[in-house]
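Participant: Quick one: sequence and predicted model below, then my questions.
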Amino acid sequence: APGIRERYHPAYYAAFVIDPDGNNIEAVCHVG
């Protein structure tokens, strides 16, 4: 699920999607 991923850094917000072929797509927003 989308959310804050503090283990990367405090302002890292990301969502991951895996398509039917197994490709991992990441959408990232760095805030602050």
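Facilitator: Cool, the structure landed. Residues are numbered from 1 along each chain as shown.

Participant: Where does the prediction get shaky in the chain?
Facilitator: Within the chain, the ranges that satisfy pLDDT under 70 run 1-5.

Participant: Most distant residue from the centre of it?
Facilitator: Residue farthest from the centre of the chain, counting by Cα atoms, centre = their mean, is residue 21 at 18.9 Å.

Participant: What is the three-state secondary structure of that residue?
Facilitator: Three-state assignment for residue 21 (DSSP: H, G, I helix; E, B strand; the rest coil): coil.

Participant: give me the number of residues near residue 15?
Facilitator: Residues lying near residue 15 (other Cβ atoms under 10 Å) number 13. Glycine gets a C-beta too; all of them are placed from N, C-alpha and C.

Participant: which SSE is the residue lying closest to residue 28 once chain neighbours are set aside in?
Facilitator: Leaving out its chain neighbours, the residue that sits closest to residue 28 by Cβ to Cβ, 6 or more residues apart in numbering is residue 14, at 4.7 Å. Using DSSP states H and E, residue 14 sits within strand 12-18.

Participant: what packs against that strand?
Facilitator: The contact analysis (3 or more Cβ pairs under 8 Å, 6 or more residues apart in numbering; DSSP states H and E) places strand 12-18 against strand 3-4, strand 24-30.

Participant: Tell me the strands beside the last one, with direction?
Facilitator: Based on DSSP bridges, the pairing partners of strand 24-30 within the sheet are strand 12-18 (antiparallel).

Participant: how about the strand it pairs with: buried residues?
Facilitator: For strand 12-18, a neighbour-count test (16 or more other Cβ atoms under 10 Å) marks residue 12 as buried.

Participant: and it, C-alpha only, in CSV?
Facilitator: The C-alpha coordinates for strand 12-18 follow below in CSV (Å, rounded to 0.1, in the frame of the first residue of the first chain):
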residue,chain,number,x,y,z
TYR,A,12,10.1,9.2,1.3
TYR,A,13,6.5,8.3,0.1
ALA,A,14,6.2,5.5,-2.4
ALA,A,15,3.8,3.1,-4.0
PHE,A,16,4.8,-0.2,-5.7
VAL,A,17,2.9,-2.0,-8.4
ILE,A,18,3.8,-5.5,-9.8
